[in-house]
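Novice: Next input, structure requested:
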Amino acid sequence: MSRFIGALSSRPAKAAAVAAVSSFALVGGVFAGSGLAQAQTAPAVASHAYRHGAVPKLDPATGHAVTAPDAAATNANNLNYGGAIDGIGVTTGAPKVYVIYWGSQWGKASTDSHGLVHLAGDKSGMAPDQQGFFKGLGSSTDAWSGVMTQYCQGIATGAQSCPAGAAHVGHPGSTGALAGVWEDTSAVPSAANGHQIALEAIKAAKHFGNTTAAKNRNVQYVITFPSGTNPDNYQTQGFCAWHDYNGDTTLSGGAATSPYGDIAFTNMPYLPDAGQSCGQGFVNSPGALDGVTIVGGHEYAETITDQNPAGGWTDSSGAENGDKCAWISSGQGASQNITLSTGKFAVQSTWGNDGNGGAGGCEVSHATVK
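Specialist: Okay, here's the model as predicted:
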């Protein structure tokens, strides 16, 4: 399970470097590293099993997740293969991302010279930044995507490495991961639950003509909410985003029936509303949109490595590859800018089982594994 970020009004301090820590990560609500670590009890939000791939809320004073007092913790452990759900463990083809802007609040749409959709109601420019990131993934300068390709499916449950010939996570390729954009101007709930968000993803699959299980096999739908809305009550529930699939029976409101096969989706609130607690300024100054791609990249990376949670790759606590590397500000795996064909974007690192000689670690770049 992942942890999320909620809305705070003041700027969080960046997490200080911890002595003797070469890798600093979030593991099931625990900040752990390769040496001394700082642990925290998982917040109440963790009890909601459907909220996979969340990023923890930051405390303005300490830069740590807002949970419980620090305590001693053991080192992080590597990810294990979950055996797949409905035959789906990871995204094995080139990942395809469809971004849906739900609600009339987004306003009039226009397209710029780069093919990115701008929306009149998007006061912070989240939409084109989000699209530019996904569109640029797979470009020749993108080594960040390579980290995820070390994982695979079709192997023994519990395995921590992939043999030659296994079906690895796909790389976006030169055409990028962005496959489509849709502004759905139908009424958006002010606080959509998991079931409603899943239904919107299924509706999007129909809109884009992805009406078979095969067409949705390597696809994820990012349901993006307009400013002022509170999807799944993220403002008070301590998260910024999460991912899941429609068939999860623990979804708030229940699983959603899909006639088009399993549908992977992300609940993406309007992160600029949350300010620094969702990553604003975490890498750049002022970095108004840092959180859009840090959090968005977190969910994307976890979806392609755990497409139907938790049939893909998680550690023994349930943490996914993004969870284990959330909000690192210095040292190995620190969040940083990457340069894609579409621009420069802030991202976090993700967990690589092959890091640190097989002990595991947070990685920002990796050769593509096929």
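Novice: contacts and neighbour counts: CA atoms only from here.
Specialist: Fine.
Novice: For residue 208, give its distance to residue 179.
Specialist: Note on residue 208: its distance to residue 179, by C-alpha to C-alpha, to the nearest Å, is 9 Å.
Novice: okay, the two: which has more neighbours?
Specialist: The residue with more neighbours, out of residue 208 and residue 179, is residue 179; 18 against 13, by other C-alpha atoms under 10 Å.
Novice: Tell me if that one really is in a strand.
Specialist: Yes: under DSSP: H, G, I helix; E, B strand; the rest coil, residue 179 falls within a strand.
Novice: Could you list every helix and strand in contact with the helix or strand where residue 295 lies?
Specialist: Residue 295 is part of helix 290-305, with elements assigned from DSSP states H and E. Helices and strands touching helix 290-305, as assessed by 3 or more C-alpha pairs under 8 Å, 6 or more residues apart in numbering; DSSP states H and E, comprise helix 126-136, strand 242-245, strand 264-268, strand 343-347.
Novice: okay, these in TSV with mean pLDDT and mean neighbour count next?
Specialist: Output for the helices and strands packed on helix 290-305, formatted as TSV (pLDDT from 0 to 100; neighbours: other C-alpha atoms under 10 Å):
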stretch	mean pLDDT	mean neighbour count
helix 126-136	98	23
strand 242-245	97	28
strand 264-268	98	27
strand 343-347	98	21
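Novice: Among the ones you listed, which comes closest to residue 290?
Specialist: strand 343-347 (5.4 Å; C-alpha to C-alpha).
Novice: For that closest one, which strands pair with it and how are they oriented?
Specialist: Paired neighbours of strand 343-347 in the sheet (DSSP bridges): strand 336-340 (antiparallel).
Novice: the inter-axis angle of the strand it pairs with versus helix 290-305?
Specialist: Angle of strand 336-340 versus helix 290-305, following axes from the mean of the first three to the mean of the last three C-alpha atoms, to 10 degrees, is 70 degrees.
Novice: Dump strand 336-340 to CSV, restricted to CA.
Specialist: Taking Å, rounded to 0.1, in the frame of the first residue of the first chain, the C-alpha atoms of strand 336-340 are listed here in CSV:
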residue,chain,number,x,y,z
GLN,A,336,15.4,15.9,-8.6
ASN,A,337,14.7,17.2,-12.1
ILE,A,338,14.9,15.1,-15.1
THR,A,339,15.1,16.4,-18.7
LEU,A,340,12.7,15.0,-21.2
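Novice: Cool, thanks, talk later.
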